[in-house]
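Engineer: Provide a 3D model corresponding to the input given below.
(chains A, B, C and D)
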Amino acid sequence: MSQSLGVGVALGLPVVGAALVALAGKRPNVREAVTGLTGLATFVAVAALYPAVVAGRLPELQLVEAMLPGVPLMFRVEPLGMLYALVAAGLWPVTSAYAAGYLREHHEQNQTRFFVCFALSIFAALGIAFAGNLATLFLFYEVLTLATFPLVTHHQTPEAQRAGRVYLGILMGTSVCFLLLAIAFTYYAAGTLDFVPGGILRGHVATSSLPLLLALFVYGCGKAALMPLHRWLPNAMVAPTPVSALLHAVAVVKAGVFAILKIVVYVFGLDLLRDTGASDWLMFMASVTILLASLIAFKQDNLKARLAYSTISQLAYIVLGAAMVTPDAILGGGLHIATHAVGKITLFFCAGAIIVTAHKTEVSQLDGLGKKMPITMAAFLIGSLSIIGLPPTGGSWSKWLLALGAAEQSPVLVGVLMLSSLLGIGYLLPIPLRAFFFDPPASPAREHGHGHGHDHDHGHAQDHEHGEAHPLMLVPLSLTAVGCLLLFFYSQHVVALLRPLVTP
Amino acid sequence: METAITVVLFVLLLATAIILGRQRNLFAASMLTGIFSLVSAGLFTVMEAVDVAFTEAAVGAGISTVLMLATLSLTEDVEAREKKISWPALAVVVLTGGALIYGTLDMPNFGDPHAVVHGEIARYYIDRSWDEIGLPNMVTSILASYRGSDTFGELGVVFVAGTSVLLLLGGRRSELPASGESPGHERPSSRPPGKRHAHVREMPVVRTVAKVMLPYIVLFAFYVQAHGDFGPGGGFQAGVILATAFILFGLVFGPQELVRHVPPERLERIMAVGLMIYGGVGVVAMLLGGQFLAYGVFTPSHPSHGHHYGIFMVELGVGITVSAVMIIIYATFATRRPSLAPQVVLDAEDRCETEVSADDVPLVPEERALRSGADLLAEGAAGTDAASEVPS
Amino acid sequence: MSEHLPILMVLVPLLSAPLVVFIKHRKASRVIATLACALSACAAWTLALQMSSAVSYPLGGWRPAIGIELRVDFAGAYVAAIVSTIATFAISLGTRGTREDVVGREMFFYAAFLMCVAGLMGMVVTGDAFNVFVFLEISSLSTYTLVAMGKERRALTAALNYLFLGTLGGTFVLIGIGLMYQMTGTLNAAAVSARIREVEHLRTTHVAFAFLAVGLGIKLAVFPLHQWLPGAYSQAPHAVSSFLAGTATKVMYFQLIRVVVSFFGVAYVFDTLHFGDFLLPLSLVAMFAGSLSAIFQPSLRRLLAYSSIGQVGYLTLALSLGTEAGLNAGLLHLGAHAVTKTALFLIAAAFIAQVGDDRLDRLSGLGKRYPLLSLGFVLGGLSLIGVPGTVGFVSKWALLEAVLAGGRPWLAFLILASSMLAVVYVFRVVEVLYFRAPLANAPPLARERADWGSWVPAGLLVLVSVGLGVWSELPSEYVATAAQSLFGGAR
Amino acid sequence: MTLPNVWNYWAVVVLMMVGLYIVIAKPNYVKKLMGLSLFQVSVIMLYVSMGRVTGGTAPIYILDDGAPRPFVLYTNPVPHVLMLTAIVVGIATTAVGLALVVRIREAYGSSEEDVVAELDRREVEAANALAAQRAAESDASSATAAHAGASHEEHA
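Structural biologist: You can find the predicted model right below:
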């Protein structure tokens, strides 16, 4: 009982926070204080569920008898969801602190709407994490899309609106056309939508149609940005950086891959997929996405765009883990949700700090920035290491587990992983290196005379003096950087948490 | 013999219909609709559908023709231009007609007494209605009792028609002419000088004859109302006939005069009353423990008497509403103050051109308002050639 | 008294209309009209909730088929309840958006409105074919007039076109009834369905059904026969457009179901005539063409009207499956769309009251100025799309399950693809409301004060459409029993 | 196959179709309404014909001293009853339609369908043009605003 109450509290707090923020709209300080406090409270509430989950007593909460005929609106906190919820709720207060600093430095309009939608997105993310059946998951999946739509179109410029259309078009389109279809078919076939360890489809769906159903699910979760449905993610980068940070590194995109993992584990069941090989094509697609996205990331000069493509490739890792359906791969995918989240949010924090403080948006402008913003660039370095998967960062463990899983499947996949790590080194490490070891350009106009309208825009910005980023941004990004390191030492807890997924 | 008559009537109908379709002068066309209704009334009589014939003659040939004329007096009286034959329309028509013909192929023979239609239900009415209700006219029994709620709904339709016309046209009445002598006298003719025709209302014969006829028409109306139980007729026909009396008055002495004697405000109330009487009878039946419109409960000892009372009241309600509505509709049309909006016609390139149609010129609103169907009839010839002046 | 409920829900508005005209008092007439609708709604709900099986009410005390029988089954009670409730909400708008010459003669407006309600209710409850025609004409005739009362002069042409098409439809229905009567010798639903077996091989019977279907199809705005709808919905006064959008096509849809299920029988219609094969393609075309043209409409109410054409496509699609599941989905969608679309039209009315006209560009950036209204529109729009958590999703889900049970997944995909179009046209409006700068040179607002007369009912309906989307077992279970009792033994 | 004796149904159908054609094809509203009433009267004929019984008399009891004479063949009264209603519906529709025509003539200055349609089309076009112009103007202003915001974001 108290457990289900805990679930209710964890879900309710963000909504309350959103309401309060809306009320406090006029007074920024109160507003951001409320945001931060609710963030912390939510994290505590979520963390409070952890012991029960570890002990295997999964908290449950049923809100509505039958949201659809025979399908309740209910939540059950299982390990994977616990992890995702912890990540999302844990990074929310950090990000809101960062966002406060960022938005003020940046003099954005509609800040209240921003924070309200932010809180709602977290609410939706938690709903997805705790969802006890496909219908509930779908409900919150759509809520997440709708709650983030205003954040993407935040600037209300024509390009922002265009990005918003692409965002909504792809995310809602795929979810309505594919995911809903898949869910409806699942219900028609299996007669239930509950997440059951071992899956619900065995014996209900013809082996021949399993791959198709899996495809509907995977591409229905457009948030996973699996190619060729990845276009929305780079588009969404027009949003303010905190949005890119939390949502497009943590909440939204992870919602996609998390949903895929959860569906693979609890709807299809690992054994079913392993026996039928219905997910082989997915390994291929995931590998393709990993490599292609990394290659594209190479060509991106805009910092946020490069990070976006790196995200696409990293998400494909998790999908790949799901597709390989070996225990290690699943664990690695789950762990990667956490490690990549922390690492990528660090990178985005740094990118935002650079944009706001130094007015630099292009990689090629960062030469010598390390002298002015050492902490920021150090954090960026750590984040990069974690993404690439080098010790001493958490990323290394998840990559390692994935590699183990790949080894079970086929050497080719191992090769893919190695290659992509090399690519990662190629497109991420140069950034801190340039920042630390290159000399600041005397006149960027001459250096990049060919390209970049930005340079001319920032021509005067180059010489204006600036130091380290605003503390409200500096502290959060340092925290997450430290997080990357901590994960290296404590990731076995995460693995222990996820273990029940693969040992029924 | 009967067949021969039927054939002739059908030929007449077809001819009328086709001429009506080709006729560009709308006065003539509306006359033709009247003729069509009259002939079909004859056809109904041949087919022994006396009530239908009666009603069709009163409504189709009478009221609707007058309404169309009144409308024409407020709009153009000639079709802008002959349209080429429209193939899509023809396609639709052929399709529909073909479907119907196809449908007739499995119909029972015409007049076959063993057809399913004449089966159980019809038998029941023919055999039992005398004992159950005791009216010689089965149609009245069915209409007012067995299928009473159909008639209730029918009355509702009439009521809606009255309301609608009031809502659409009631807004702008042309004000009454200076009271005193009855209008119609020494009013300048509504025709441009040069082609002045004798005005109907200036013909003493017409006025006298009308004066003489009116009381008899009203008397006949009451007869039909009362006699509906025994012969063809009933509330509806009676109402229409009563209305025609007033309409005739309006035609001859001018709608303003009619409105002066029968103020529309009162008519509106009356039209409501009739419907309420009908519904009231039903409600009373409910209060007495029967179902809606179950007249039997009025005199439990002797149900058929109850039916007599019920049917009488119901028919009364029908008569009241129908007559009121018909008068209202006519009066509203006839007293509508027309706008002097110039007529708009399409020229060759379908670009709209505005211009003043011939019979808008010499008229001041009040006068034009006073023209009603009858005058236009009397000036039918003039109407056509005036119309033909409209460039098309 | 409770045995009289079926007739009462028709009688109250039908007799209040003459009362209103008789009293001839502007304020009183509005009060009476609202009360009448509310009472009729109460009657309908009481019947709907208390009934345990189909109710039969012999008018005039004559046994069915001799006299006229009112027959209300679960589905009928459900539709009647929806119609009367929506009428109550719509009438609360009063004479907003009517042409000026109505002023001073409101009682006739209310009388016509009441007659329209009575006609629709009558169509729903009666069990006699010809009685259906009579009530159909009552409602149609009053509808034409009400539509013509719209502000712009285009309302007049819209009304007249509706009159021509509608009367043709009515006459087709009349022909169909006639042929059916000629074949069976009776007009009573039960009796007809009992005898249709003997004559179902005859060509006349086929044609009878064809004419009934086409006639009702015109009134229901099935795809090629929908031309009257956009004009009528977008030009009518607000009370009327809200009411029509929620009820007119729905009642006709219910009549079509009745003709198929109660009169001719599913087996005959779908196995002998293959009605589904005609209806299905039309429905698909309607789903896409309607929504597609909704995307390009310049004004809010025209957009909603075209989306209605698309939604009718879903309704007919559900019917064309010819299964109980399909019927269930159709009835669910009937209710869902009635509530949603009425709410949206009420919101449109509120916007027009504030801004002056409903051209989309005039609404730019009003989301901040009217947060409640805009939020309401968003929620209603989501329900139109069928986003989970709204009642639109419940019906769409039922439709999907029905289609899948019919073994046609590609159909399910088409349904979802077409609802993507709904996403487009809804978010087109949302974008205008929230993410456009207000027109720099916008003319001043028509009125400053909030127009509660239309905000409150709109808000309530939106809440209903969201609430029922979450607690969906209330409608689902009732409709399931309704469909079951309607379909029961039909196959 | 031997055709049933239904020739007068066919005659009725032909009349119906003439009416229908007038409704659909004729541009003049009054003419359309005339066609409509033609159509409806023909439908009435259809009903009345199906009620006909060869040799049957009008459905009014022939009374010998107060009791109906037995063994009389009557026409079927039901279609007659139904058609009384239909006639009323017809006249009601005609009345409303004519009233609408009058209003349209006053509002548009014409009672021809094509003219009115043309006028409507122009009205719509004019409204759209106005809207487009308004949008263009305010877009110009908002574009400058947006640009201001954008540059704002970079040189904050």
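
Engineer: and the residue nearest in space to the middle of chain D, what element?
Structural biologist: Nearest to the geometric centre of chain D sits D:Leu36, at 6.9 Å (Cα atoms, centre = their mean). Assigned by DSSP states H and E, D:Leu36 belongs to helix D:29-51.

Engineer: and the next element down the chain from that helix?
Structural biologist: Scanning forward in sequence from helix D:29-51 by DSSP H and E, the next helix or strand is strand D:63-64.

Engineer: And the helix holding D:Leu36, what does it pack against?
Structural biologist: helix B:2-22, helix B:26-46, helix B:50-56, helix B:65-74, helix C:154-184, helix D:7-25, helix D:77-108 (3 or more Cβ pairs under 8 Å, 6 or more residues apart in numbering or on different chains; DSSP states H and E). For glycine as for every other residue, the C-beta is placed from the backbone atoms N, C-alpha and C.

Engineer: can you list those helices in CSV and add mean neighbour count, distance to chain A and mean pLDDT?
Structural biologist: Output for these, formatted as CSV (neighbours: other Cβ atoms under 10 Å in any protein chain shown; distance: least, Cβ to the nearest Cβ, whole Å; pLDDT from 0 to 100):
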stretch, mean neighbour count, distance to chain A, mean pLDDT
helix B:2-22, 16, 52, 90
helix B:26-46, 23, 54, 92
helix B:50-56, 27, 53, 91
helix B:65-74, 26, 52, 88
helix C:154-184, 25, 32, 94
helix D:7-25, 22, 41, 92
helix D:77-108, 26, 40, 92
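
Engineer: Using PDB, write down the CA coordinates of stretch C:232-250.
Structural biologist: Output of stretch C:232-250 as PDB, limited to C-alpha atoms (Å, rounded to 0.1, in the frame of the first residue of the first chain):
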ATOM      1  CA  ALA C 232     -24.600  24.700 -43.500                       C
ATOM      2  CA  TYR C 233     -22.200  24.100 -40.600                       C
ATOM      3  CA  SER C 234     -20.000  27.100 -41.200                       C
ATOM      4  CA  GLN C 235     -22.700  29.700 -41.900                       C
ATOM      5  CA  ALA C 236     -25.400  28.700 -39.300                       C
ATOM      6  CA  PRO C 237     -25.800  30.600 -36.100                       C
ATOM      7  CA  HIS C 238     -23.600  29.300 -33.300                       C
ATOM      8  CA  ALA C 239     -26.300  27.500 -31.400                       C
ATOM      9  CA  VAL C 240     -27.400  25.800 -34.600                       C
ATOM     10  CA  SER C 241     -24.000  24.800 -35.900                       C
ATOM     11  CA  SER C 242     -23.000  23.400 -32.500                       C
ATOM     12  CA  PHE C 243     -26.200  21.500 -32.300                       C
ATOM     13  CA  LEU C 244     -26.100  20.200 -35.900                       C
ATOM     14  CA  ALA C 245     -22.400  19.300 -35.700                       C
ATOM     15  CA  GLY C 246     -23.200  17.100 -32.700                       C
ATOM     16  CA  THR C 247     -26.400  15.500 -33.700                       C
ATOM     17  CA  ALA C 248     -27.800  15.800 -37.200                       C
ATOM     18  CA  THR C 249     -25.500  13.400 -39.000                       C
ATOM     19  CA  LYS C 250     -25.400  11.200 -35.900                       C
END
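
Engineer: what mean pLDDT would you report for it?
Structural biologist: What stretch C:232-250 shows for mean pLDDT is 91.

Engineer: ok now it, how far from the chain's centre?
Structural biologist: 9 Å (Cα atoms, centre = their mean, to the nearest Å).

Engineer: what about the strand or helix carrying A:Thr95 and chain D, touching?
Structural biologist: In this assignment (DSSP H and E), A:Thr95 forms part of helix A:79-106. Yes. Using Cβ under 8 Å from any Cβ of the partner chain, helix A:79-106 comes into contact with chain D via A:Glu105, A:His106.

Engineer: That helix - contacts with which helices or strands?
Structural biologist: Contact analysis of helix A:79-106 by 3+ Cβ pairs under 8 Å, 6+ apart lists helix A:28-54, helix A:111-130, helix A:241-246, helix A:252-263, helix A:327-358, helix A:471-502 as its packing neighbours.

Engineer: B:Ala49: which of these is closest?
Structural biologist: helix A:111-130 (70.5 Å; Cβ to Cβ).

Engineer: following that closest one, which helix or strand comes up?
Structural biologist: Next along the chain after helix A:111-130, taking DSSP H and E as the criterion, comes helix A:134-152.

Engineer: tilt between that following helix and helix A:79-106?
Structural biologist: When axes from the mean of the first three to the mean of the last three Cα atoms, to 10 degrees is applied, the directions of helix A:134-152 and helix A:79-106 differ by 10 degrees.
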